[in-house]
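A.B. asks: Task: produce atomic coordinates for the following.
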Amino acid sequence: MSEHVTTPPALPAPAHFTAPYAPLADALAIAEFGVQSGVTSPAQRGVLLETSSSSLALTTFDFDTAVTVTVPVETATTGTVLLDHGQLKKTLAAMVAGETKATAARTAVTLTGDLLTTEHLALPLPALDLALFVHPPAAAPTIAVVEAQQLLTQIQRVLPAAGTDDTLPALTGVRMALGSQTLTLSATDRYRFAVATVPLTDSTPLEDTLSALIPASTLTRLTKRLKDYNGPVALGISDGTADSAPAPSPATGAPRVALTAATSPRVTLTMGTTTVTIRQLEGAQIPHGALFPKTADTSLTIDRATALRALKKCHAMIKAMGSTHSPVTLIWDETGTLSLAPRVGTDEEQARTKGMALPSTTISGDTPRSREVSLNPPFFKDALDAFHGDTVTLHLRDEAPDKPLKPVLLTAGPDVAGEDYRHLLMPIRIR
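C.D. replies: Modelled structure (predicted):
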């Protein structure tokens, strides 16, 4: 009886390239976005280096976020190696220790398999098992393009409104909704709701709005990359049902025969030579369309800088009085004069407390008289900080006794629909 012999698949050739230190260090810093400390698999804490004849691709994947950065190289041959990301980053920095910044930036670094070499040093690094590395699924196809700095601004405006309670995961995300002309970003923790829009510079025609819920914590880290990038950002959203093929090698374009993560709903952002694919959160965000008012009984403008200064004073006074969780209160007296006061002490003490005047201009409706609206101080500050102009418009609706409080809407201009940003704040009931 003849014996059946199974031949194991051939291992890929080891990666080989030479490139200056600076772009390699920058690429590793970006790739770190896909390496999280909570991942227990040593292979997933690694960075996959794949080379072709003219480029190097670095890939990281922690099961939630996949990052690929492509770097042009001086010389290279096709190959692959998996190295510990943190070890490679520290070793690469040690290779140029003692050099000036300019000299370090242009120092030629060569990697041949696991051997890292410069003019002065050579050191083997422990290679990780390629067979254990789980490759990310393919990036979602591009369907729209926005400008990076516009996207960054609007992400930063909505992020503070996202929840932090992991038991309510749908509230810890930012919803991205692609329409025919705009990308809408929204976040809520149930006590406030922020909505921002970004104009599309290019897009694929869509029959319906396409949306995704992305972890706010991931977008917070992504903003660090966007700060240093000026240019277009290509967006792709996939529901994970129609594209099951694994991602090909970004260096050679060849298909991979390896462990590949199951496809799932995801969003891909491509910024120049960097591609970031983020797994979507499960669940759905509270629809904001019905929550934002279509009309207001009163709209008035306040000076933003004065409001922030008054808020800082009031919040400091609340802390000084030991009332950490007390609100601040917008108070209109019987003449319609507006002030902001801390909410501290007993009712008798509160009656003797004077707030800081806030000059205001009523632009529609009747000026409130003998009315109070209490707000969470940090939430109010986040809302004011999200605007960039000298003034902010407050839109109020009339209150009815023994009825739920109606939220306060903040916009940059007189229209309740806002220009490119709206912020809804839920008042605090004082009993």
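A.B. asks: for K224, phi and psi?
C.D. replies: Here is the backbone geometry of K224 (degrees, to the nearest 10): phi -60, psi -40.
A.B. asks: likewise Q154?
C.D. replies: phi -70, psi -30.
A.B. asks: Give me the spatial nearest neighbour of it, chain neighbours excluded.
C.D. replies: Leaving aside its chain neighbours, Q154 sits nearest to A196 (3.9 Å; criterion: CB to CB, 6 or more residues apart in numbering). Where you see a C-beta, it was placed from the backbone N, CA and C, and this is true even at glycine.
A.B. asks: for V198, same thing?
C.D. replies: Leaving aside its chain neighbours, V198 sits nearest to L183 (4.4 Å; criterion: CB to CB, 6+ apart).
A.B. asks: from what I can see, the one you found looks like it's in a strand, true?
C.D. replies: Yes - secondary structure of L183 (DSSP: H, G, I helix; E, B strand; the rest coil): part of a strand.
A.B. asks: residues contacting it?
C.D. replies: A144, V146, L151, M176, A177, T197, V198, L200, L235 (CB atoms under 8 Å, 6 or more residues apart in numbering).
A.B. asks: what does the model give it for pLDDT?
C.D. replies: The model reports L183 with a pLDDT of 96.
A.B. asks: bridging residues for it?
C.D. replies: When bridges are called by DSSP bridges, L183 pairs up with L178, V198.
A.B. asks: From T270, how far off is it?
C.D. replies: 14 Å (CB to CB, to the nearest Å).
A.B. asks: One more: A187?
C.D. replies: Per CB to CB, A187 is found 23 Å from T270.
A.B. asks: Now do the SS call for P378.
C.D. replies: Secondary structure, three-state DSSP: P378 is helix.
A.B. asks: and L409, what element?
C.D. replies: Applying DSSP states H and E as the criterion places L409 in strand 408-411.
A.B. asks: I'd like the contacts of L183 as TSV, with distance to T167 appended.
C.D. replies: Converted to TSV, the contacts of L183 look like this (distance: CB to CB, whole Å):
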residue	distance to T167
A144	33
V146	33
L151	30
M176	23
A177	25
T197	30
V198	30
L200	35
L235	30
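A.B. asks: from these, which single one is nearest H135?
C.D. replies: L235 (22.3 Å; CB to CB).
A.B. asks: What degree of burial does the closest one show, as a neighbour count?
C.D. replies: 24 (other CB atoms under 10 Å).
A.B. asks: who does it bridge with?
C.D. replies: A144, L269.
A.B. asks: In this structure it contacts I143, no?
C.D. replies: Yes - at 6.6 Å, L235 and I143 qualify as touching, with contact defined as CB atoms under 8 Å.
A.B. asks: Now do the shared contacts for these two.
C.D. replies: With CB under 8 Å, 6+ apart, L235 and I143 have common neighbours L178.
A.B. asks: Next SSE downstream of the helix or strand encompassing the residue nearest to Q154?
C.D. replies: Using DSSP H and E, A196 falls within strand 192-199. Counting by DSSP H and E, the next helix or strand C-terminal to strand 192-199 is strand 202-203.
A.B. asks: what lines up beside that next one in the sheet?
C.D. replies: Going by DSSP bridges, the partners of strand 202-203 are strand 144-147 (antiparallel).
A.B. asks: Off-centre distance for the partner strand?
C.D. replies: 16 Å (CA atoms, centre = their mean, to the nearest Å).
A.B. asks: And the helices in the protein, which stretches?
C.D. replies: Assigned by DSSP state H, the chain shows helices spanning 21-31, 85-95, 101-106, 148-158, 216-227, 304-320, 347-351, 377-385.
A.B. asks: between the fifth one and helix 21-31, how big is the angle?
C.D. replies: Here helix 216-227 points in a direction 160 degrees away from that of helix 21-31 (axes from the mean of the first three to the mean of the last three CA atoms, to 10 degrees).
A.B. asks: mind checking how far helix 216-227 is from the chain centre?
C.D. replies: On CA atoms, centre = their mean, the centre of helix 216-227 falls 4 Å from the chain's centre.
A.B. asks: in it, what's buried?
C.D. replies: Neighbour-count burial for helix 216-227 flags A216, T218, L219, L222, R225, L226 (criterion: 16 or more other CB atoms under 10 Å).
A.B. asks: Output the contacting helices and strands for that helix.
C.D. replies: helix 148-158, strand 173-178, strand 266-271, strand 274-279 (3 or more CB pairs under 8 Å, 6 or more residues apart in numbering; DSSP states H and E).
A.B. asks: The same query, at a cut-off of 10 Å, please.
C.D. replies: Judged by 3 or more CB pairs under 10 Å, 6 or more residues apart in numbering; DSSP states H and E, the packing partners of helix 216-227 are helix 21-31, strand 65-72, helix 148-158, strand 173-178, strand 182-188, strand 266-271, strand 274-279.
A.B. asks: Only alpha carbons, please: show it as PDB.
C.D. replies: Extracted C-alpha coordinates of helix 216-227, given in PDB (Å, rounded to 0.1, in the frame of the first residue of the first chain):
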ATOM      1  CA  ALA A 216     -16.900  57.000  18.600                       C
ATOM      2  CA  SER A 217     -13.600  55.800  20.300                       C
ATOM      3  CA  THR A 218     -12.300  54.700  16.900                       C
ATOM      4  CA  LEU A 219     -13.200  58.000  15.300                       C
ATOM      5  CA  THR A 220     -11.500  59.900  18.100                       C
ATOM      6  CA  ARG A 221      -8.200  58.100  17.300                       C
ATOM      7  CA  LEU A 222      -8.800  58.600  13.600                       C
ATOM      8  CA  THR A 223      -8.900  62.400  14.100                       C
ATOM      9  CA  LYS A 224      -5.200  62.300  15.000                       C
ATOM     10  CA  ARG A 225      -4.500  61.000  11.400                       C
ATOM     11  CA  LEU A 226      -6.900  63.500   9.800                       C
ATOM     12  CA  LYS A 227      -5.200  66.500  11.500                       C
END
